[in-house]
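**Q** next come a sequence and a model predicted from it.
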Amino acid sequence: MRISVLWVLAAAMTAIGVVGCGEAERARQVYTDLETAIKIARDQVYPATVRVDARREEYVGGKKRRTGGNGSGVIFDGQGHILTNFHVAGRADELNVVLFSKERVRASLVGGDPWTDLAVIQLDLDEVKEKGLSFQHATFGDSDAIQEGDSVLAIGSPFGLSRSISSGIISCSDRILGSSMPLPGGLETGLFNTWLQTDAAINPGNSGGPLVDLYGRVIGINTRGGGNDLGFAVPINVAKDVVRQILEKGKVTRSTIGLALQPLQDLETFFDVGKTEGAIVSSVEPAGPAAKAGILPQDILVEYAGEAVQGRYPEQLFDLRRRVSQTPVGAKVEATIKRAGEVRTVTLATEELTTVRSEEENFSKWGLVGQDITERLAQKEKLPGTRGVYVTGVRRGEPAQEAGVEDEDIILSVGTKEIANVEDLRREYKASIAAKQERVLLKVRRGLGVVPVLLKIDYAKGKKPAAKPKPKPKPKNVDAKPVPAKETAPEKAPAAPEKPAPQKKRGEGQGPSPEDKPEAGK
């Protein structure tokens, strides 16, 4: 621990007479005070820290599998609500929590927000009451008041072990990561919040646990451990808003205007704008708010909702993304763009931001899994629109794989029926199965082309053969007389030796006898 190292150095300096006795005593007192503060902070949050065991069903390679993992969490109110990471509990269908008392209690998911990688779960209070258990909850602090150099504690259950504590300092209080980070299931996180960077150890299993100041207040939720003294936590002030929305409506809503931006750095002379004037529109979602307003790629967005846009550096784009996301859904906002030196003002109607992934559906007889195409998925994968069903998995040896269907194909039609979404595909799938169609023609988009594929379904495959009827037992004949045992035939007497046949005389067609043959070598 870093404090211990400082104490060792102070002790060594005292030993060699570099510092006086008074200064050594003060150094010892500082160490004692810090150690006491750490223990007080630990005791305030330790009882509220829990281990979260999560299990869920997911599709891997088109097959449904039961998977599990564990993380950490912190109880934050008297109703047993627990704040943890989305990647720990946000997609779970079975949750169990290990309390400070080591008792295991069921929990349920209240809501989650993949964009900040946060989720809220709740203890089963009936089970808590039935078992006669109790729990404590922690207090949230103010992450905006945190400064670089402040001492912090990271608490959790690394690698599924019982509670563990590590110490460090805040290395950066408002770290901005330029791009999103992936979550399981193809989701994204980190586009709309800053991070608390710390050198306190954050290992797998610490995710969702509290980052605590020396006053015993939770100032962050541990989320990423990068190694090399690099750990990241979601600031608690970000988490407070997420918790509020989840408890009020079960989800977090954000707005989008349907475009992606890139920094202006080193390109201002080509677009005839100032160094800090605006940001470049790199792409526009088909049928999104920006497209409907007439915004095109390579336009320069110079003003949004009456505020100037500064997008020379990647870090500056973060502020604009957050401003857009915090705009009420459905609000009409004026934006100013610059195109070929001409300034134009357009009106945007914001829409609700979606994630890349939506609920997957298994089309078992065809051997594939698919989902709806969200606006975010269309933007990320550069798809021409949201029509069709996005294939997320194909099972080996099943009709779809044998016909050549691939992951990331888009199903556009079944036979002559066009497919707009999963609901359409579900309807045609059920009709096909009911009619036991052995040949089904799909049209799928792959890259820039559209190709037909023919599914061949064997409805007898996988069925167990009908069991053969057991033969009826033969009736017993009670009147039949017992069959006497066969007598053993007596052994025959040895046969008399046969008389030798009379030898023929020479010259009567008989070859030379062995005695007449010449010896070898003679």
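**A** Right, received. Where do you want to start? Numbering: from 1, shown residues only.
**Q** tell me the buried residues in the biggest helix by length in the chain?
**A** Counting by DSSP state H, the longest helix found in the chain is helix 21-45. Along helix 21-45, these residues count as buried under the neighbour rule (16 or more other C-beta atoms under 10 Å): Ala24, Ala27, Tyr31, Leu34, Ala37, Ile38, Ala41, Arg42, Gln44, Val45. (C-beta placed from N, C-alpha, C; glycine too.)
**Q** give me the helices and strands touching that helix, please.
**A** When contacts are defined as 3 or more C-beta pairs under 8 Å, 6 or more residues apart in numbering; DSSP states H and E, helix 21-45 packs onto helix 2-15, strand 151-156, strand 210-213.
**Q** what angle sits between it and strand 151-156?
**A** Between the axes of helix 21-45 and strand 151-156, defined by axes from the mean of the first three to the mean of the last three C-alpha atoms, to 10 degrees, the angle is 40 degrees.
**Q** residues in contact with the residue lying closest to Gly225 once chain neighbours are set aside?
**A** Once flanking residues are discounted, Gly225 sits nearest to Ile202: 3.6 Å by C-beta to C-beta, 6 or more residues apart in numbering. Taking C-beta atoms under 8 Å, 6 or more residues apart in numbering, we find Ile202 in contact with Ala154, Gly156, Ser166, Asn222, Thr223, Arg224, Gly225, Gly231, Phe232, Ala233.
**Q** would you turn those residues into a markdown table with pLDDT?
**A** Below are the contacts of Ile202 laid out as a markdown table (pLDDT from 0 to 100):
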| residue | pLDDT |
| --- | --- |
| Ala154 | 96 |
| Gly156 | 94 |
| Ser166 | 93 |
| Asn222 | 96 |
| Thr223 | 94 |
| Arg224 | 90 |
| Gly225 | 85 |
| Gly231 | 93 |
| Phe232 | 95 |
| Ala233 | 96 |
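**Q** out of those, which sit inside strands?
**A** If you go by DSSP state E, those have Ala154, Gly156, Ser166, Asn222, Thr223, Arg224, Gly225, Gly231, Phe232, Ala233 in strands.
**Q** surely the fifth one meets Ala239?
**A** In other words, Thr223. No. Under the criterion of C-beta atoms under 8 Å, Thr223 lies out of contact with Ala239, with a separation of 10.3 Å.
**Q** okay, the two: which has more neighbours?
**A** When Thr223 and Ala239 are compared for neighbours, Thr223 comes out ahead with 29 against 24, by other C-beta atoms under 10 Å.
**Q** list the contacts for the more buried one?
**A** The contact partners of Thr223, taken as C-beta under 8 Å, 6+ apart, are Asn85, Asp117, Trp195, Ile202, Ser207, Gly208, Phe232, Ala233, Val234.
**Q** change it to 10 Å
**A** Neighbour list for Thr223: 71, 84-88, 116-118, 181, 189-190, 195-196, 202, 206-209, 211, 231-234 [criterion: C-beta atoms under 10 Å, 6 or more residues apart in numbering].
**Q** Gly149 now?
**A** Gly149 makes contacts with Ile169, Ile170, Ser171, Ser173, as judged by C-beta under 10 Å, 6+ apart.
**Q** before we move on, what about Arg387?
**A** Counting by C-beta under 10 Å, 6+ apart, Arg387 touches Pro286, Ala287, Ile373, Ala378, Ile410, Leu412, Glu418, Ile419, Ala420, Asn421, Asp424, Arg445.
**Q** so which pair among those is furthest apart in space?
**A** Put simply, by C-beta to C-beta the two of the contacts of Arg387 set farthest apart are Pro286 and Asp424, 19.1 Å from each other.
**Q** neighbour-wise, which of those two wins?
**A** Neighbour count, other C-beta under 10 Å: between Pro286 and Asp424, Asp424 has more, with 18 against 15.
**Q** show the subsequent helix or strand relative to the helix or strand the more buried one falls within.
**A** Per DSSP states H and E, Asp424 falls inside helix 422-434. The element immediately downstream of helix 422-434 (helix or strand, assigned by DSSP H and E) is strand 439-446.
**Q** partner strands of that following strand, with direction?
**A** The strands that strand 439-446 pairs with in its sheet are strand 410-414 (antiparallel), strand 449-456 (antiparallel) (by DSSP bridges).
**Q** including mean pLDDT and distance to Thr139, could those go into JSON lines?
**A** Shown next, in JSON lines, are these (pLDDT from 0 to 100; distance: least, C-beta to C-beta, whole Å):
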{"stretch": "strand 410-414", "mean pLDDT": "97", "distance to Thr139": "49"}
{"stretch": "strand 449-456", "mean pLDDT": "95", "distance to Thr139": "58"}
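**Q** among the ones you listed, which is nearest Arg312?
**A** Using C-beta to C-beta as the measure, strand 410-414 is the one of these that comes nearest Arg312, at 37.2 Å.
**Q** other residues contacting that closest one?
**A** The set of residues external to strand 410-414 that reach it, using C-beta under 10 Å, 6+ apart, is 363, 366, 368, 370, 373, 381, 383-391, 400, 405, 418-420, 422, 424-425, 427-429, 431-432, 437, 440-446, 450, 452-453, 455.
**Q** among these, the buried ones, what's the PyMOL command?
**A** Listed next is the PyMOL selection for buried residues among those, using 16+ other C-beta under 10 Å:
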select buried, resi 363+366+368+370+373+383+386+387+388+389+390+391+400+405+419+422+424+425+428+429+432+437+440+442+443+444+445+453+455
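**Q** for stretch 129-146, measure first residue to last.
**A** Using C-alpha to C-alpha, to the nearest Å, the span of stretch 129-146 from its first residue to its last is 38 Å.
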